[in-house]
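Chemist: Everything below, folded, please.
(2 chains)
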Amino acid sequence: MAMLTMVKALNLALSEALREDADVVLLGEDIGQDGGVFRVTEGLLEEFGHDRVIDTPVAEAAIAGAAVGMALYGLRPVAEMQFSGFAYQAFHQVEGHVSRFRNRTRGRYSLPMVIRMPYGAGIRAIEHHSESREAYYAHTPGLKVVIPSTPRTARALLRAAIFDPDPVIFYEPKAVYRAMREEVPDEPEALPIGKARIVREGSDITFVAYGAMVRAAEEAADDLADLDGVSAEVIDLLSIAPMDTATILNSVEKTGRLVVIHEAPRRCGVGAEVSARVAESGIEHLCAPIRRVTAYDVLFPYFARERAHLPSSDRIVGAAREVLAF
Amino acid sequence: MPRKTVEIEPRVEYLSILDEHGVVDAALDPRLDGDLLARMFRYMLATRRLDERLINLQRQGRIGTYGPTRGQEAAQIGTAMSIGPEDWTAQAFREMGMMLVRGWGMHMPMFFWGGHEEGNVVPEGVNDLPIAVPVSSQTLHGVGIAWAMKLRKTNNVCLTYLGDGGTSEGDFHEAMNFAGVYSLPVVFIVQNNQFAISHPRRMQTRSKTLAQKALAYGFNGIQVDGNDILAVYVAAREAVEKARSGGGPTLIECVTYRLSVHTTADDPTKYRSEEEVRQWEKRDPLIRFKKYLMERNVLDDASVAGVEEDIRGQIKEAVDYYEAYEGVDPVDPFRYCLAEPSAELVAQQREFEAAMRAEGLMR
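Modeler: This is a model prediction of the structure:
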């Protein structure tokens, strides 16, 4: 067991996959010589060479589109978008092709490929470096959208994504990259895509979160326990497409109360999806309205104002108290 | 410091071997063997007749909107015949001639334009990509395939098809750049058919040729008479050999003309004159090639009639097969969304099937 940051854990998953399977290749901007702007691919060029750790020109559509071609030929490309804010220059490839090849060819071709990208706020970055737009991808049929929350889940889910037969958008909460360490087993491990994780069990209220917001939800659960004697259950979705509805419904059946937390805007976000699923299939268990603690439907500010716009544990506690008092 | 000139090589070769009157330049004539020439002709004629039939089927409501190939047979067949089955192609949506050469059945375009994904199920053993509708998006797939070929140390190549309009898209430029930087075994086949729907070639770019786009990316571009299958074939073979031997990419601009509509939903009288079309009809790739083959005694009237008869039979067989097809199952999108359907998809499929049954659309 080693105590790793998420950056090191992702690096470990990539190096394991590259070592085990000669078809795995990485491509992206500055991922080779430089080891990636966040150092996720550090040292991989040295071990696996330029043919498999490919420094591309600055061209996001080319990264996604070339990865499609590589996958069609039988490779397992893992593409990196330097920041999710630049991935829109590849979005037409993702929506137009990455998601469609299996259906378009009735299974004659499939695309075992991953597109990794750091997302989210909290690192004092300039414009286009702080948004959370996972809903765009989750709204696109044919894609899986995975969002780890910790070093260990990052390593295990990236492995699962690389060896998945379908394309996976792998959204990495960059606020967590170096914010924590976690014990990661020596042997490779994979988590099933589409299965949520119960971070802590509780009986009074359910928090559903993912990515960097899992930590905020856990802090809120701590505060509620300490201050109010309330027992909150915290669910880490890990995958938003597909989504583990059963785990959410089971929890709500037990607690009767739900708060969904994400740093993406509220409108048509994952919180709306979670709420709709609970309303459709578990409304009889609810004893209070659902609350969403999210960013607002405004453009995310430059970093001088970012803290104010990110959901905080205090806001989650506030929402939980309203729900509990209903 | 005085201003200096940075030397680049601004040269674009133009190749024409068989002119529009069917006169061959003897010095450039590749003297291809008779069997190969006869096969080229057969594919060109098959493409022309199938194209006519598809327009017909569209007019009768038996398929949907269709994008004709008429006039571009030489550009497609000349390039497609320059590669082997281990090589790959990435196509756009007007490459029916190429598809026939590569082994797609004549029924496939009927399925595609008739609204069935089945028309995009690339036949087993055929290394082509399915039809790509978003303009130039397929060029990047060709580049990725070429990377994989290089990584696997094959000596295969990927032909990547696009049109004159496609050269304005960002994907094309990203593909060209990527291919150039890494010297990938890819050949860009630009069928300059003079129009992107209504937008004429001269308004697509200020560049004198489309071939010269390659120069900026550090490799060669060549312009050929795209209605001259000999020139197309020679240029493609050279580019393919160069790519196979590690020489990197080439762009071939095939100067041709879309003799028909953009699609059957298009009215070209709004943007081009009948006179212009008539001028290009004289340059029809089939007329000159047939003349050449007759003069070389590869064909005679009887053998042409025989080929026509064969093609008629094949087209009829394809139409019969297409129209007898009973495999339309609306549940299919659930089956081919993911390798293993998720729980939510399984639930939605059940909901869909129940709705279908309630509407009497499914038993």
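
Chemist: Now do the buried residues in the helix ranked longest in chain B.
Modeler: Secondary structure of chain B per DSSP state H: the longest helix is helix B:34-59. By neighbour count with 16 or more other Cβ atoms under 10 Å in any protein chain shown, helix B:34-59 contains the buried residues B:37-38, B:40-51, B:53-55, B:57-58. Yep, even glycine has a C-beta here, placed from its N, CA and C like the rest.

Chemist: Give me the neighbour count for A:Leu4.
Modeler: 21 (other Cβ atoms under 10 Å in any protein chain shown).

Chemist: That one contacts A:Pro185, doesn't it?
Modeler: No. A:Leu4 is beyond contact range of A:Pro185, at 10.4 Å (criterion: Cβ atoms under 8 Å).

Chemist: Give me the domain ranges for chain B.
Modeler: Split into domains by automatic domain parsing, chain B comes to B:13-327, B:329-363.

Chemist: would you list those domains in CSV and tack on distance to A:Ser203?
Modeler: Shown next, in CSV, are the domains of chain B (distance: least, Cβ to Cβ, whole Å):
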stretch, distance to A:Ser203
domain B:13-327, 49
domain B:329-363, 25
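
Chemist: contacting residues for the nearest residue to A:Ser312 once chain neighbours are set aside?
Modeler: Leaving aside its chain neighbours, A:Ser312 sits nearest to A:Ala216 (6.4 Å; criterion: Cβ to Cβ, 6 or more residues apart in numbering or on different chains). Each residue near A:Ala216 by Cβ atoms under 8 Å, 6 or more residues apart in numbering or on different chains is listed here: A:Ala209, A:Ile261, A:Pro311, A:Ser312, A:Ser313, A:Ile316.

Chemist: Assign a three-state SS to B:Ile222, would you?
Modeler: strand (DSSP: H, G, I helix; E, B strand; the rest coil).

Chemist: how close does A:Met3 get to chain B?
Modeler: With the distance defined as Cβ to the nearest Cβ, to the nearest Å, A:Met3 ends up 34 Å from chain B.

Chemist: and chain A, what are its domains?
Modeler: Using automatic domain parsing, the domain parsing of chain A gives A:2-184, A:197-325.

Chemist: The longest helix of chain B packs against which elements?
Modeler: Applying 3 or more Cβ pairs under 8 Å, 6 or more residues apart in numbering or on different chains; DSSP states H and E, one finds that helix B:34-59 contacts helix B:73-80, helix B:96-102, helix B:107-113, helix B:229-244, helix B:285-295, helix B:301-323.

Chemist: what about it, average pLDDT?
Modeler: Average pLDDT, helix B:34-59: 98.

Chemist: and the angle from it to helix B:285-295?
Modeler: 150 degrees (axes from the mean of the first three to the mean of the last three Cα atoms, to 10 degrees).

Chemist: and helix B:34-59 with helix B:73-80, angle?
Modeler: 130 degrees.

Chemist: Would you mind pointing out the helix or strand B:Tyr161 falls in?
Modeler: With secondary structure defined by DSSP states H and E, B:Tyr161 is part of strand B:158-163.

Chemist: How far away from the center of its chain is that strand?
Modeler: When C-alpha coordinates are averaged (Cα atoms, centre = their mean, to the nearest Å), strand B:158-163 and its chain have centres 7 Å apart.

Chemist: which other helices and strands contact the next helix or strand after it?
Modeler: Once strand B:158-163 ends, the next helix or strand along the chain (criterion: DSSP H and E) is helix B:170-181. If you count contacts as 3+ Cβ pairs under 8 Å, 6+ apart, helix B:170-181 packs onto helix A:60-73, helix B:137-151, strand B:186-192, helix B:213-216.

Chemist: can you put those in JSON lines and add mean neighbour count, mean pLDDT and distance to B:Ala80?
Modeler: Shown next, in JSON lines, are the helices and strands packed on helix B:170-181 (neighbours: other Cβ atoms under 10 Å in any protein chain shown; pLDDT from 0 to 100; distance: least, Cβ to Cβ, whole Å):
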{"stretch": "helix A:60-73", "mean neighbour count": "29", "mean pLDDT": "98", "distance to B:Ala80": "18"}
{"stretch": "helix B:137-151", "mean neighbour count": "29", "mean pLDDT": "97", "distance to B:Ala80": "14"}
{"stretch": "strand B:186-192", "mean neighbour count": "30", "mean pLDDT": "98", "distance to B:Ala80": "9"}
{"stretch": "helix B:213-216", "mean neighbour count": "19", "mean pLDDT": "96", "distance to B:Ala80": "21"}
